[in-house]
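Asks: Pasting the sequence and the predicted model now:
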Amino acid sequence: MNHLDINQIKDIIPHRHPFLLIDRVESVSEDKTACVCIKNVSVNEPQFQGHFPDCPVMPGVLILEAMAQAGAILAMERLGEEQNDEDSLFFFAGIDGARFKRVVLPGDQLRIEVKYLRDRGGIGKFEVTATVDGQLACQATMMCARRKVH
């Protein structure tokens, strides 16, 4: 699959500004077990006004959220259009082994790699890493669950 731009991403996941944290999908493997997403970190993002004014650092929870959104993109792609249900969403269901290895600063580009591990009881499990210039910034095992919202 070729890359997806921001408008195509908005067709897949429900997040919107200022909480849409994926700027581009570079690839989804043919077997839909892996994807690569990009998050461009800009000093103009609202969190940098307070985290921290004299030393802007991307909050770890937002790095994790970007990773979770990348996982949701892969989960939606795995379902395919025939199984997409407008009345359900993927919710963040758990995280294991989250580790932060590098500070993420404005001007950095997060490369988020997601690998599908398994589905069990309606919960998808993924191994996710975020790197900047080839250096590991964060890694975690993440879970998401599809649930009806209406």
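Replies: Structure received.
Asks: which residues touch Arg111?
Replies: 26, 36-38, 130-132 (C-beta atoms under 8 Å, 6 or more residues apart in numbering). Heads up, the C-betas are built off the backbone N, CA and C, glycines and all.
Asks: surely Phe48 meets Leu105?
Replies: No. With contacts counted by C-beta atoms under 8 Å, Phe48 stays clear of Leu105, the gap being 9.5 Å.
Asks: what about these two, which has more around it?
Replies: Between Phe48 and Leu105, counted using other C-beta atoms under 10 Å, Phe48 has the larger neighbour count: 19 against 14.
Asks: Apart from its chain neighbours, what residue comes closest to that one?
Replies: Setting aside the residues directly before and after it, Phe48 is nearest to Pro56 in space (C-beta to C-beta, 6 or more residues apart in numbering), at 4.0 Å.
Asks: which SS class is that neighbour?
Replies: coil (DSSP: H, G, I helix; E, B strand; the rest coil).
Asks: Can you report how many residues neighbour the spatially closest residue to Ile63 that is not a sequence neighbour?
Replies: Closest residue in space to Ile63, ignoring its immediate chain neighbours: Cys138 at 5.0 Å, by C-beta to C-beta, 6+ apart. By other C-beta under 10 Å, the residues close to Cys138 number 23.
Asks: surely Cys138 meets Ile95?
Replies: No. Using C-beta under 8 Å, Cys138 makes no contact with Ile95, being 10.7 Å away.
Asks: before we move on, back to that, okay, and which of the contacts of Arg111 map to strands?
Replies: Within the contacts of Arg111, residues falling in strands by DSSP state E are 26, 36-38, 130-132.
Asks: list residues touching both of Cys138 and Ile95?
Replies: By C-beta under 8 Å, 6+ apart, the residues touching both Cys138 and Ile95 are Leu64.
Asks: Could you identify the helix or strand that succeeds the helix ranked longest in the chain?
Replies: Using DSSP state H, we find that the single longest helix of the chain is helix 60-79. Past helix 60-79, further along toward the C-terminus, the next helix or strand under DSSP states H and E is strand 88-100.
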